[in-house]
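Visitor: Below are the sequence and a predicted model for it; my questions follow.
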Amino acid sequence: MRVARIRIGRFRGYRHAALVVPENMVLAGEPQAGRTDIVEALRRVLDARSTRSRVNPLDVYRPADGDEESLTEVEVTLLDLGEDLETLLSENLETFDRATGEIATPSNAGDAVLGVRLCYRARYDLDTDTGEHWVDYPARSDPAAGVFKKASRIERESLPVQFVDSAPALQLRAEGVLRALLADADPGGLDSALTDLDSAVHAATGSFSETEVVTSVLDKVIDSGPQTLFGIDDSADISFLADDGSMAALLRALQPAISMGAAGALPVRSQGSTLESVLSAAEAIAAARDAQSGVVIIGDDFGDRLDASSSEHMARLIHVTAGQAILTTRRPEVVRAFDPGELVRLTVSHGERRQHQLSAVTDKTGRVNRRLILEQLLAALSARTVVLLEGPLDVEGYGALASRLFRKTNEPHHSLPARCSG
């Protein structure tokens, strides 16, 4: 499966945007240009948990003119579904232009491919602080008439999508990625292992409760009031549980620990943010490797908590493993893992957010030149302004002059932070 097109209407900072998504995509650009908003837009559509909670008021675009009548919408076109998904979603399939992700017309019907559109819609009343949201199939819906064919939970959960976020890695709790990997690998084996774990924990706490030192102290406590007031006879009536005693509480309490040296096994959260980030990405990569249908891996601000080499390495692994990789980043090393045609640069111009993509290049010389030029501009990936000079001596000279003026005048426009070799 892959995301072919995204249409956004009145969502967060976007009044309207339409983006054709390449085979893989890395989003970068200016601050406040909408990287995170695009990832959150995809999450609203593709994450089955997105509509379980109440509408987030911050998701609703609030124009200065006060026009709040239209619905907030995020429409995603999915292609290359695979046989299983096509069968499950057969009633909602449409034909699309593979290159643009738009609905096929009679002129290109011969080359059209099957796919499906899913649309997240939300309406929210600021005065009453109430709202509703859902995901539907535009092919079977009529917004003008207020008729919507909503996607079921089973249909949304069947979409092979993995989000790489800041959530703790290697979690056994129900919503953890590791838990899903274990369930997919061997459901029966996982159930047996969890039953054994629950029995062992109860046996251990029961044995602890029956030790002489524990029972003697508990008897003293019980004899000091609880026996008379509540009829608690002795220490045999008291046992110890993990949290509320449920399996869910036990799994929430269990946290991964890794032995990486003389210090022995330490919790992952004590090993540093780099390891945590690598493990989170590794879970998504493992899910993509095990899945029969191509998994779409989506990550926001990828590489922020990684060093340069680790961010590029993990981005390359995601790029080659996932059915489709969609990452946003501020790190030039992450962009290096993608082809130039897969880069989408986001900017803000005249108060509007804009998306820029390079046109396709077919000849080898053009591809090589584009790669060389892009490599020189990566240092200015998130800059609002790029100044092109003739050679490296000009860069050094003007850079030294700007730095000296900045130190003497403290005027920010004299600063020249990005240095690119040319």
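Guide: Looks like it came in fine. Numbers count the residues shown, from 1 in each chain.
Visitor: what about the strands in the chain?
Guide: For the chain, the strands defined by DSSP state E cover 2-11, 14-20, 25-29, 72-79, 94-96, 113-125, 130-136, 161-164, 257-259, 265-267, 296-299, 324-328, 343-349, 352-357.
Visitor: least reliable of these going by mean pLDDT?
Guide: Mean pLDDT per stretch puts strand 265-267 lowest among these, at a mean of 83.
Visitor: okay, now the domains of this structure?
Guide: 2-167+295-369, 177-255, 387-422 (automatic domain parsing).
Visitor: ok, and for stretch 129-148, which residues are buried?
Guide: 131, 133, 135, 136, 137, 138, 141, 148 (16 or more other CB atoms under 10 Å). Using the backbone N, CA and C atoms, a C-beta is placed for each residue, glycine as well.
Visitor: any idea which of these is closest to residue 363?
Guide: Nearest to residue 363 among the buried residues of stretch 129-148, counting by CB to CB, is residue 138 at 38.8 Å.
Visitor: Return the residues in contact with the closest one.
Guide: For residue 138, the contact set (CB atoms under 8 Å, 6 or more residues apart in numbering) comprises 75, 117, 118, 119.
Visitor: Return the distance of it relative to residue 63.
Guide: Separation of residue 138 from residue 63 (CB to CB, to the nearest Å) stands at 23 Å.
Visitor: Over to residue 258?
Guide: For residue 258 relative to residue 63 (CB to CB), the value is 49 Å.
Visitor: who's more crowded, the two?
Guide: Neighbours per residue (other CB atoms under 10 Å) separate residue 258 from residue 63, with residue 258 holding more: 15 against 10.
Visitor: Tell me which residues touch the more buried one, please.
Guide: 265, 266, 268, 271, 275.
Visitor: ok, now residue 329?
Guide: For residue 329, the contact set (CB under 8 Å, 6+ apart) comprises 26, 27, 28, 301, 302, 303, 304, 311, 315, 335.
Visitor: Then residue 240?
Guide: Contacts of residue 240 by CB under 8 Å, 6+ apart are 205, 208, 209.
Visitor: what do you get if the cut-off is 6 Å, keeping everything else the same?
Guide: Shown in contact with residue 240 (CB atoms under 6 Å, 6 or more residues apart in numbering): 205, 209.
Visitor: ok, now how distant is it from residue 255?
Guide: As for residue 240, its distance to residue 255 is 19 Å (criterion: CB to CB).
Visitor: same deal with residue 333?
Guide: Noted for residue 333: a distance of 30 Å to residue 255, by CB to CB.
Visitor: shouldn't residue 137 be in contact with residue 149?
Guide: Yes. Counting by CB atoms under 6 Å, residue 137 touches residue 149, with 4.7 Å between them.
Visitor: Tell me how far the spatially closest residue to residue 122 that is not a sequence neighbour lies from residue 391.
Guide: Excluding its sequence neighbours, the residue lying closest to residue 122 (CB to CB, 6 or more residues apart in numbering) is residue 133, at 3.8 Å. Distance, residue 133 to residue 391, using CB to CB: 54 Å.
Visitor: Residue 286 now?
Guide: Distance, residue 286 to residue 391, using CB to CB: 46 Å.
Visitor: which one of the two has more residues nearby?
Guide: residue 286 (16 against 10).
Visitor: which ones are touching the more buried one?
Guide: Contacts of residue 286 by CB under 6 Å, 6+ apart: none found.
Visitor: All the helices of the stretch 101-250 of the chain, residue numbers only.
Guide: Under the criterion DSSP state H, counting those that start in this stretch, helices of the stretch 101-250 of the chain are mapped to 153-157, 177-185, 187-209, 212-222, 226-230, 247-253.
Visitor: which residues sit against the second one?
Guide: Residues outside helix 177-185 that contact it (CB under 6 Å, 6+ apart) are 170, 171, 172, 190, 283.
Visitor: What's the local residue count around the closest residue to the second one other than its chain neighbours?
Guide: By the measure of CB to CB, 6+ apart, the closest residue to residue 171 outside its immediate chain neighbours is residue 178, 5.8 Å from it. A count of nearby residues for residue 178, using other CB under 10 Å, gives 17.
Visitor: next one: residue 230
Guide: Count around residue 230 with other CB under 10 Å applied: 9.
Visitor: Would you state the predicted confidence (pLDDT) at the nearest residue to residue 147 once chain neighbours are set aside?
Guide: Excluding the flanking residues, the one nearest residue 147 by CB to CB, 6+ apart is residue 141, at 6.2 Å. Per-residue confidence at residue 141 stands at 95 (pLDDT).
Visitor: go on, the one 5 residues further on?
Guide: According to the per-residue confidence, residue 146 scores 89 in pLDDT.
Visitor: any idea how far residue 166 is from it?
Guide: Per CB to CB, residue 146 is found 38 Å from residue 166.
Visitor: and what of residue 50?
Guide: In terms of CB to CB, residue 50 sits 17 Å off from residue 166.
Visitor: These two - which one has more neighbours?
Guide: residue 50 (19 against 13).
Visitor: shouldn't that one be in contact with residue 44?
Guide: Yes. At 4.8 Å, residue 50 counts as touching residue 44 under the criterion of CB under 6 Å.
Visitor: Which residues are in contact with residue 20?
Guide: By CB under 6 Å, 6+ apart, the contact set of residue 20 is 5, 100, 101.
Visitor: let's see it at 10 Å
Guide: Shown in contact with residue 20 (CB atoms under 10 Å, 6 or more residues apart in numbering): 4, 5, 6, 77, 97, 99, 100, 101, 102, 344, 355, 357.
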